[in-house]
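J.: below is the sequence, then the predicted model.
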Amino acid sequence: DAKTTQPPSMDCAEGRAANLPCNHSTISGNEYVYWYRQIHSQGPQYIIHGLKNNETNEMASLIITEDRKSSTLILPHATLRDTAVYYCIVRLLWAGGSYIPTFGRGTSLIVHP
Amino acid sequence: EPEVTQTPSHQVTQMGQEVILRCVPISNHLYFYWYRQILGQKVEFLVSFYNNEISEKSEIFDDQFSVERPDGSNFTLKIRSTKLEDSAMYFCASRSDGNTIYFGEGSWLTVV
């Protein structure tokens, strides 16, 4: 799987959009970009994933650059409950039973009042 | 919404004792995982399990560890003789044939 780079920490005001970047310059054409988050002392939680088109769900939006070398997770109206560590993970389209998601340090997002 | 459930949520055990952590993965899922997270550290992969056998394991998963799926619903992690450094949050996870992995809330193990 391709390596990802994320800033160690960010902060955001409550109610504003939080934009979390991820660099994955070595991504290959059959790899998806996945985002998870971990709220303090809880299990990682799936947020969203995409291949090359922008994606949106009830939690967030994912913007992937045209060259696919970077992406941005957008929380459109951050709340205090969005304070968490956010992980960007790249994975193969299909890796069968041998797929092992690998978590780096992620970005610690603090949403303040 | 279906979820991965883990028990116990917190366990304190004496060094050298055996511990079994239990997980009920989401019912139609095929792939099962255990991860751990030492306080303040990254989430680390331990083992993956598919078709009733281990498919991958990390260096952490040594002979002290074992996994089992004794029936159609439970997935267990056993630590045979716990050490102080086994103190961590242990996460179970599962996925179907698709892409998304779902994690449980974790079992916090404290070895004293």
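T.: Ah, there it is. Remember, it's a predicted structure, so these values are computed and weren't measured experimentally.
J.: bridged to the most centrally placed residue in chain B, which residues?
T.: Nearest to the geometric centre of chain B sits residue B:34, at 3.4 Å (C-alpha atoms, centre = their mean). Listed by DSSP bridges, the beta-bridge partners for residue B:34 are residue B:47, residue B:92.
J.: list the contacts of it.
T.: When contacts are counted by C-beta atoms under 8 Å, 6 or more residues apart in numbering or on different chains, residue B:34 is found next to B:21, B:23, B:46, B:47, B:67, B:77, B:90, B:91, B:92, B:93. Every C-beta, even on glycine, is put in place using the N, C-alpha and C of the backbone.
J.: OK, contacts around the fourth one?
T.: Put plainly, it is residue B:47. For residue B:47, the contact set (C-beta under 8 Å, 6+ apart) comprises B:33, B:34, B:54, B:56, B:57, B:58, B:61, B:65, B:67, B:77.
J.: thinking again about what came up before, how much space separates the residue nearest to the centre of chain B from residue B:22?
T.: Relative to residue B:22, residue B:34 is positioned 11 Å away (criterion: C-beta to C-beta, to the nearest Å).
J.: with residue B:104 instead?
T.: Spatial separation of residue B:104 from residue B:22 under the definition C-beta to C-beta is 10 Å.
J.: where do the contact lists of those two overlap?
T.: A shared contact of residue B:104 and residue B:22, defined by C-beta under 8 Å, 6+ apart, is any residue touching both; here these are residue B:6.
J.: so those two - more neighbours on which side?
T.: Under the criterion of other C-beta atoms under 10 Å in any protein chain shown, the comparison of residue B:104 against residue B:22 puts residue B:104 first, with 27 against 16.
J.: what is the closest residue to chain A within chain B paired to in the beta sheet?
T.: Closest residue of chain B to chain A, C-beta to the nearest C-beta: residue B:103 (3.4 Å). Beta bridges link residue B:103 to residue B:93 when assigned by DSSP bridges.
J.: same thing with residue B:21?
T.: Applying DSSP bridges to residue B:21 yields these beta-bridge partners: residue B:77.
J.: report the separation between it and residue B:58.
T.: Residue B:21 sits 16 Å away from residue B:58, taking C-beta to C-beta as the criterion.
J.: which single residue in chain A comes nearest to chain B?
T.: With C-beta to the nearest C-beta, the shortest gap between chain A and chain B falls at residue A:43, namely 3.4 Å.
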